[in-house]
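Peer 1: pasted the sequence and its predicted model underneath.
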Amino acid sequence: MKNVKIVTVVHDYLQILEVFLPAIHRVLNQVPSVEMILIDNGSSSEIKQFLAAYPHSNQKIVPLPQNIGKAHAVNQIMAAQPELFAGTEVLVSVDPDVLFPIESFKALVEATLEIPRVGMLGMRYEKNRCNPERNLFFPARKFKDPITKKQHFVYKPFMMNVPGCIFSVPWTCIQNELNGKLYPVLKPELYFPDDWYLYDFLNKKKYVCGYLKGTTVSHLKSGEIYLV
């Protein structure tokens with residue numbers, strides 16, 4: 001697998017983080033070329049202690065003194081510490097409240113590298129009480145790698161975006177279209193629909209955005225619902 005970076009922003013919800021971190025470390029164990037940049041976005045001392053107790057050779061913890069929101073945190077670290085992302089070919093944003101099989105992760109990265117003009121690509125969600133998928137009315141579209149001729153199928157949501165829980169973006173797209181940032185629009189608020197702004201930006205530029213068929217991810221939190 002090519003040089004892949006996972007970026008994750010942590011602030012709260014220790015109970016879910018205790019499930020997520022060991023699971024993501026299994027991905028790092030099985031795919032040595034994947035590195036994780038974990039941004040500690042002003043978390044509690046309890047979470048800091050937990051993170052310190054679960055180190056990994058392919059995991060870099062980057063501390064921020066206070067919670068500035070996910071989009072601000074990611075863009076700030078990308079600008080301030082570009083060396084962390086050196087050599088990246090695919091950037092995968094993963095919120096710390098999802099679980100997914102290694103096969104789905106590999107398929108997502110492979111499709112990101114092989115689909116011509118791909119933008120924001122997500123996984124299909126398990127249909128639980130925290131499923132954020134909306135408006136997938138149409139059949140998946142077929143895309144073919146021009147070199148290997150391998151086919152990938154992508155579901156495009158109607159009048160909705162791919163959720164920010166887990167998605168990939170090729171690094172060439174980040175460089176050429178997003179000026180080295182992941183989020184093209186920032187708001188003063190800590191929490192705003194940053195994933196929608198990213199999806200809308202790339203979609204308007206005719207990039208392939210949607211959910212990759214054959215993948216599965218479980219979202220563990222929605223509102224006051226916790227699935228752990």
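Peer 2: Now that the structure is in, tell me what you want to look at. Just so we're clear, the structure is a prediction, and the values are computed from it rather than from any experiment.

Peer 1: L51 is in contact with I61, correct?
Peer 2: Yes: applying Cβ atoms under 8 Å as the test, I61 and L51 come out as touching, 5.9 Å apart. Quick note: C-beta positions are derived from backbone N, CA and C, even for glycine.

Peer 1: now the common contact residues for those two.
Peer 2: Common contacts of I61 and L51 (Cβ atoms under 8 Å, 6 or more residues apart in numbering): 38, 40.

Peer 1: please say which of those two ends up with more neighbours.
Peer 2: Using other Cβ atoms under 10 Å as the criterion, I61 and L51 rank with L51 on top: 19 against 16.

Peer 1: ok, and the closest non-adjacent residue to F20?
Peer 2: Leaving aside its chain neighbours, F20 sits nearest to P96 (4.6 Å; criterion: Cβ to Cβ, 6 or more residues apart in numbering).

Peer 1: helix, strand, or coil at the one you found?
Peer 2: Assigned by DSSP: H, G, I helix; E, B strand; the rest coil, the conformation of P96 is coil.

Peer 1: give me every residue that touches it.
Peer 2: Listed by Cβ under 8 Å, 6+ apart, the contact set of P96 reads 8-10, 13, 16-17, 20-21.

Peer 1: mind checking the longest helix of this protein?
Peer 2: helix 14-30 (DSSP state H).

Peer 1: so for the residue nearest to F20, what's the pLDDT?
Peer 2: Model confidence at P96, given as pLDDT, is 97.

Peer 1: now V4
Peer 2: We have a pLDDT of 97 for V4.

Peer 1: which residues of this protein score low on pLDDT?
Peer 2: Low-confidence segments of the chain (pLDDT under 70): 1.

Peer 1: now the helices for it?
Peer 2: Assigned by DSSP H, the chain shows helices spanning 14-30, 45-53, 70-80, 102-114, 171-176, 194-204.

Peer 1: measure the residue sitting nearest the centre point of the chain to A140 for me?
Peer 2: Residue closest to the average C-alpha location in the chain (Cα atoms, centre = their mean): S93, at 2.0 Å. Going from S93 to A140 by Cβ to Cβ, to the nearest Å gives 22 Å.

Peer 1: same question for L99.
Peer 2: For L99, the distance to A140 (Cβ to Cβ) stands at 23 Å.
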